[in-house]
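K.L.:
Next one to model:
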Amino acid sequence: MKTYRVEELAAAADVKVDTVRFYQARGLLPAPRRVNRSAVYTDEHLARIRKIRRYQTQGLSLAVIRKVLDNESRSTVGALLDAVADESGACTLTRAEVAKRSGVPEALLAAVEGAGLLRPMLKAWLDDNLPGMVERMVRAEIERVSRGRG
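P.N.:
Next up is the predicted model:
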């Protein structure tokens, strides 16, 4: 098993040393093994950092990532996240696609959605944008009617 100093680990993971330490402080990354006075990291630390970064690119918060990593031994969680954060580059999947690729029933995915751990992209976009769109549409209609174009 390959070992790394913190600087080497950060370089291998393409992050800054401060990021490694931040992940440790947040409980996302286990503490390194100590050899004499040196901190020694392993490939497991590197894989964990890469997994954290991959999940972040999929829009998961660090709090959610920590919960997921803490429960990773549960096979459905790992399968679900592997499907959602597939390294093939697909950023969004339908619930049916996630179910098919992960082997997790759609009903369970709906429950995960309800718990706020998985958020459909369209729903997320609408939640973020619809109120402003509706307000702009109403204002435009009021303006149109007030000008006598109704």
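
K.L.:
which residues does residue 18 contact?
P.N.:
Counting by CB atoms under 8 Å, 6 or more residues apart in numbering, residue 18 makes contact with nothing. Bear in mind the C-beta positions are built from the backbone N, C-alpha and C, glycine included.

K.L.:
What helix or strand is it located in?
P.N.:
Secondary structure assignment for residue 18, by DSSP states H and E: helix 17-25.

K.L.:
Would you mark the buried spots in that helix?
P.N.:
19, 20, 23, 24 (16 or more other CB atoms under 10 Å).

K.L.:
report the longest strand in this protein, please.
P.N.:
What stands out as the longest strand in the chain, according to DSSP state E, is strand 38-42.

K.L.:
From the buried residues of helix 17-25, pick the one nearest residue 101.
P.N.:
residue 23 (27.3 Å; CB to CB).

K.L.:
Can you give the domain ranges for this structure?
P.N.:
The chain resolves into domains spanning 1-60, 71-119, 121-150 when parsed by automatic domain parsing.

K.L.:
could you give the mean pLDDT of the first one?
P.N.:
When you say that, I think you mean domain 1-60. The average pLDDT within domain 1-60 is 92.

K.L.:
So what would you say the end-to-end distance of it is?
P.N.:
Chord length of domain 1-60, first to last residue, is 30 Å (CA to CA, to the nearest Å).

K.L.:
State the distance from residue 23 to residue 52.
P.N.:
With distances taken as CB to CB, to the nearest Å, residue 23 is found 6 Å from residue 52.

K.L.:
Now the common contact residues for those two.
P.N.:
Here residue 23 and residue 52 have residue 29 as joint contacts, going by CB under 8 Å, 6+ apart.

K.L.:
ranges for the strands of the chain?
P.N.:
Along the chain, the segments classed as strands by DSSP E run 3-4, 33-35, 38-42.

K.L.:
Identify the residues contacting stretch 25-35?
P.N.:
For stretch 25-35, using CB under 8 Å, 6+ apart, the contacting residues are 6, 20, 23-24, 39-42, 44-45, 48-49, 52, 62, 65-66, 69.
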